[in-house]
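Engineer: output the structure for:
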Amino acid sequence: MKQHTLAMLLGASLSFGSALANAESEHNIHVYKSPTCGCCTDWVKHLEDNGFEVEVSEVDNVTPVKIEAGLTPALSSCHTAFINDYVIEGHVPAGDIKRLLSQAPQARGLSVPGMPAGSPGMEMGDRKDPYQVLLFNANGQTRVFAEHN
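Structural biologist: Purely as a prediction, here's the structure:
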């Protein structure tokens with residue numbers, strides 16, 4: 001990814017490359033989210049409660065980040081994060097991120113498409129919809145990495 005492209009799209013000096021450089025430690029994650037999204041804020045808290053150091057960049061439009069990260073619309077959710085060389089899209093549980101880092105598969109990242117009730121940050125009382133965490137590659141091909149609820 002071209003570092004200057006994301007910075008221009010976001011109107012900021014921060015780029016994908018520098019986000020990865022900042023996430024060199026296994027548990028440092030950089031999250032791009034809307035400043036008004038409560039479920040994204042709750043997901044960040046979930047990560048912090050599970051031992052992650054979280055840097056948050058609030059942007060008015062997360063779509064350019066998703067495009068630069070190579071996410072397809074089918075993989076998309078409300079926030080996008082970067083840890084080590086991986087993209088984390090949506091409400092991925094912290095345990096699945098830790099498993100990804102531990103196993104280090106050749107992949108682009110993990111995604112929980114949409115915003116399933118009961119996923120971290122999307123708690124809605126007792127409602128817990130079943131959902132899958134997808135492992136995806138640079139071509140957008142997926143396989144199930146984990147199933148929840």
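Engineer: tell me where this structure has strands.
Structural biologist: Listed in chain order, the strands of the chain (DSSP state E) span residues 28-33, 53-58, 80-83, 86-90, 109-112, 131-136, 142-148.
Engineer: report all helices and strands that the longest helix anywhere in the chain contacts.
Structural biologist: Longest helix in the chain, counting residues (DSSP state H): helix 38-49. Applying 3 or more C-beta pairs under 8 Å, 6 or more residues apart in numbering; DSSP states H and E, one finds that helix 38-49 makes contact with strand 28-33, strand 53-58, helix 94-103. For glycine as for every other residue, the C-beta is placed from the backbone atoms N, C-alpha and C.
Engineer: pull the CA atoms of it into CSV?
Structural biologist: C-alpha atoms of helix 38-49 as CSV (Å, rounded to 0.1, in the frame of the first residue of the first chain):
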residue,chain,number,x,y,z
GLY,A,38,-20.5,3.7,20.0
CYS,A,39,-20.1,0.0,19.1
CYS,A,40,-16.6,0.7,17.8
THR,A,41,-15.7,2.4,21.1
ASP,A,42,-17.1,-0.7,22.9
TRP,A,43,-15.0,-3.0,20.7
VAL,A,44,-11.9,-0.9,21.6
LYS,A,45,-12.7,-1.3,25.3
HIS,A,46,-13.0,-5.1,24.7
LEU,A,47,-9.5,-5.1,23.2
GLU,A,48,-8.1,-3.1,26.1
ASP,A,49,-9.8,-5.4,28.6
